[in-house]
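1. have a look; sequence and predicted model below, questions after that.
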Amino acid sequence: MEVKVGKKVLPSKLNLLCTTLLFGILTVPQISYATSAGEVKDTSKKAIQIGITSQHAHESWVEEEHRLLEEIEDLENLIDHIQWQQKKFAVYKDDLQKKIAELNEKAKAMETVNMQLLPILEENLEKIQANIAEDIPGNLTERHKSIHHARMILNDYDMGLLDKARVVLDAVAREVDLGHQVNVLEDEIEVEDQLRRVKMLQVGRVGLYAMTLDNSRAYQWNPATSQWTIIDAADSIRDAIDMAEGVRLVGLNKLPVTQPQQEKGARQ
C-alpha cells in the first residue's frame, strides 16, 4: 500500500516489511556460500545496520506523514473559512447595495428640499435685515454680525441644509428675543449735529433711550423721524438704567413710551 500526501508517496509498514524480506532473501545466499565465520559476522552486521537504517527511515517518514496530515487538516479548515467568508461577503454585498440605493433616494429627496428651502431661507434673511434697518437702532453691532454670519453659512457650498436652516432660525430667534429684553450698553449717538457718548437703554421694542454719561441730558429714539430727540425725563431714564444694571430696584412704568416731547428750546 502507498499513502499519498500531495505529490509525495509515503511508504507504509508493508513496504518496509517487503524491503526487509527482500534484503533477507538477497543475503541468504551470501551467508550460505560464506567461506568463513568472519564473513558471516560481517554480513550479519551489515544486515543489522540496514535494519536500523530502515527503521530510522520509517520513523522519519511517519513523522513526515503526521506533519503533512496536520498541514492538510489546517488547509481544509482554511478552505472552510474562506468558503464561509465568500458566503458572508455575498450577504454584505447585497446589504450594501440596498443601503446605497436608499442613500441615492435620500440624496435626490434632499436635493429637492434644497431647491425649495434654500430660496425661502435667503428670503427670510433678507426680511430680517430689512427689519433691522427699519427697527430701533439697538444693539446693532451684534445684530449685523448675526446677519453676516448667517449669510456666510448660506453662501458656503460645503455647509449642509441643516446648518443653513439653523443659522437663519437662530437669527430670527435673536430678533424675537430682542422684543423681550432690557439691555444697557455704552455707545455713541449722533444728536444735535454731533456725536455724544451715552448710556443706551433698550426696553424691548417699546422704546430706546439714552443718557449722557454726566446724567445731564436724556434722549429718546423717535421712529417717525429716525432721530434722537431730547426729552425732559432724565430722572426716570436714569432710574431705569440703574434698575437694569442692578443698582436699584425701581419700575419701568415712569418711562415715556409715547412719541417723545421735545424739550423747550432744543433742536430736533
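-> On my side now, so go ahead.

2. low pLDDT regions in the stretch 51-200 of the chain?
-> Applying pLDDT under 70 to the stretch 51-200 of the chain picks out no residues at all.

3. just the helices in it please.
-> 140-154, 161-178 (DSSP state H, counting those that start in this stretch).

4. mind checking which of these is nearest residue 56?
-> helix 161-178 (79.2 Å; CB to CB). Every residue, glycine included, has its C-beta placed from N, CA and C.

5. would you mind writing the CA trace of the closest one as PDB?
-> Taking Å, rounded to 0.1, in the frame of the first residue of the first chain, the C-alpha atoms of helix 161-178 are listed here in PDB:
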ATOM      1  CA  LEU A 161     -29.000  72.200   4.700                       C
ATOM      2  CA  LEU A 162     -29.500  71.600   8.500                       C
ATOM      3  CA  ASP A 163     -26.700  74.100   9.300                       C
ATOM      4  CA  LYS A 164     -28.100  76.700   6.900                       C
ATOM      5  CA  ALA A 165     -31.600  76.400   8.300                       C
ATOM      6  CA  ARG A 166     -30.300  76.500  11.900                       C
ATOM      7  CA  VAL A 167     -28.300  79.700  11.400                       C
ATOM      8  CA  VAL A 168     -31.300  81.500   9.900                       C
ATOM      9  CA  LEU A 169     -33.600  80.300  12.600                       C
ATOM     10  CA  ASP A 170     -31.100  81.500  15.200                       C
ATOM     11  CA  ALA A 171     -31.100  85.000  13.600                       C
ATOM     12  CA  VAL A 172     -34.900  85.000  13.800                       C
ATOM     13  CA  ALA A 173     -34.800  83.900  17.400                       C
ATOM     14  CA  ARG A 174     -32.400  86.700  18.300                       C
ATOM     15  CA  GLU A 175     -34.700  89.300  16.800                       C
ATOM     16  CA  VAL A 176     -37.700  87.800  18.600                       C
ATOM     17  CA  ASP A 177     -35.900  87.800  21.900                       C
ATOM     18  CA  LEU A 178     -34.900  91.400  21.400                       C
END
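
6. quick one: list the elements packing against it.
-> Applying 3 or more CB pairs under 8 Å, 6 or more residues apart in numbering; DSSP states H and E, one finds that helix 161-178 contacts helix 37-134, helix 140-154.

7. by how many degrees do the longest one and helix 140-154 diverge?
-> Meaning helix 37-134. Relative orientation of helix 37-134 and helix 140-154, computed by axes from the mean of the first three to the mean of the last three CA atoms, to 10 degrees: 130 degrees.

8. chain center to helix 37-134: distance?
-> With CA atoms, centre = their mean, to the nearest Å as the basis, helix 37-134 stands 28 Å off its chain's centre.

9. helices and strands around that helix, which ones?
-> Contact analysis of helix 37-134 by 3+ CB pairs under 8 Å, 6+ apart lists strand 2-5, strand 8-11, helix 13-32, helix 140-154, helix 161-178 as its packing neighbours.

10. quick one on the thing from earlier: and among the helices and strands packed on helix 161-178, the most buried is which?
-> Stretch with highest mean neighbour count among those: helix 140-154 (a mean of 15; mean count of other CB atoms under 10 Å).

11. how distant is that one from the center of its chain?
-> Chain-centre distance of helix 140-154: 26 Å, with CA atoms, centre = their mean.
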